[in-house]
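# Predicted model follows, preceded by the sequence.
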Amino acid sequence: MHLYLTVLGAVYISMYCYVESACPQIISRRNWGARSPKRTTPLRTNPPPYVVVHHSDTPACTSRSACETRIRNIQTGHMNDRGWDDIGYNFLIGGDGNIYEGRGYGIHGSHVPKFNSRSIGICLIGDFQNTSPPNSQQQALKNLIDCAAETNKVARNYHVIGHRQGGTTTCPGNYLFNIIKTYPRWDSNPN
C-alpha cells in the first residue's frame, strides 16, 4: 500500500520514496494586474494536443515588477490594438523565471489561428531571434509543459511546436525555435 501526500509542492510516496512535483507556481491574473477579458471561450479540444511556443518580440524583463508591466502592456496591445477578447497567450514566462497566467488552461487563445482551439500558447517574454532565453526561462517552460502533461491539461501524446509552424512569422525566434526542436515531443510536421 502506498500513501500519497503532497507537502509544499512535493509528493511523498510511501515512506521509501520522495518525488519532486513538476508543477511550478503560476502567478495569477489577479496578482499581475490583468484586465477582465471581454469574453472567454472554452477550447474545442480539451485537453489540447498541442503546446505552441512563442516569444513576445519585445525587450526582456528580469524582475517580477518589470515582467508584470510588460505583460499588462502586451494585454493592452492585444485587446485595444488588435481587438482581441484578452491577452492572446494562455501563459507567459518572464526572464525572471516566473510563469504568469494569461488566459489559463482550457481557454481558447488568440496566438496562432490554425491551432488556437486545440492548444495552449506559451510566450517567453523577450526577443529570441538572435539570442537564447536565459536558463531560468527555459527551465520554467519545461516545468510548465511537464506539469500540464502530468495534470492532464494537455493530451498525453501532446506535440510541441513553434508559432512559425502555424503561420508566416519568425516567432518564436531562431534561437528559441532551435531549442524547442530538441524537446522529445517536438513535432516537425503538425497538422
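Done, it's in. Numbering: from 1, shown residues only.
# Grab the nearest non-local neighbour of residue 155.
Among residues not flanking residue 155 along the chain, residue 49 sits closest, at 4.5 Å (C-beta to C-beta, 6 or more residues apart in numbering). C-betas here are computed from N, CA, C, even on glycine.
# residues near the one you found, how many?
17 (other C-beta atoms under 10 Å).
# do the one 5 residues further on as well
Neighbour count for residue 54, taken as other C-beta under 10 Å: 24.
# The one 5 residues further on too?
The local packing of residue 59 (other C-beta under 10 Å) involves 12 other residues.
# Can you report how many residues neighbour residue 65?
10.
# Name the residues that touch whichever strand or helix holds it?
Using DSSP states H and E, residue 65 falls within helix 64-76. Applying C-beta atoms under 8 Å, 6 or more residues apart in numbering, the contact partners of helix 64-76 are 27, 32-35, 56, 58-59, 61, 86-87, 92, 94-96, 98, 100, 102, 123, 125.
# Now intersect the residues you listed with the helices, please.
Among the contacts of helix 64-76, the ones falling in helices (DSSP state H) are residue 32.
# of the contacts of helix 64-76, buried ones?
Buried residues within the contacts of helix 64-76, counting neighbours by 16 or more other C-beta atoms under 10 Å: 27, 32, 34, 56, 61, 86-87, 92, 94-96, 98, 100, 102, 123, 125.
# Out of these, which is nearest to residue 164?
residue 123 (13.7 Å; C-beta to C-beta).
# First-to-last residue distance for stretch 34-42?
By C-alpha to C-alpha, to the nearest Å, the extent of stretch 34-42 from end to end equals 19 Å.
# Same question for stretch 94-101.
Terminal residues of stretch 94-101 lie 11 Å apart, using C-alpha to C-alpha.
# Point out where the chain drops to low pLDDT.
By pLDDT under 70, the weakly predicted segments of the chain are 1-22.
# tell me the centre residue of this protein?
When C-alpha atoms, centre = their mean is applied to the chain, the residue found nearest the centroid is residue 122 (2.6 Å).
# Which strand residues bridge that one?
Residue 122 has these beta-bridge partners by DSSP bridges: residue 53, residue 91.
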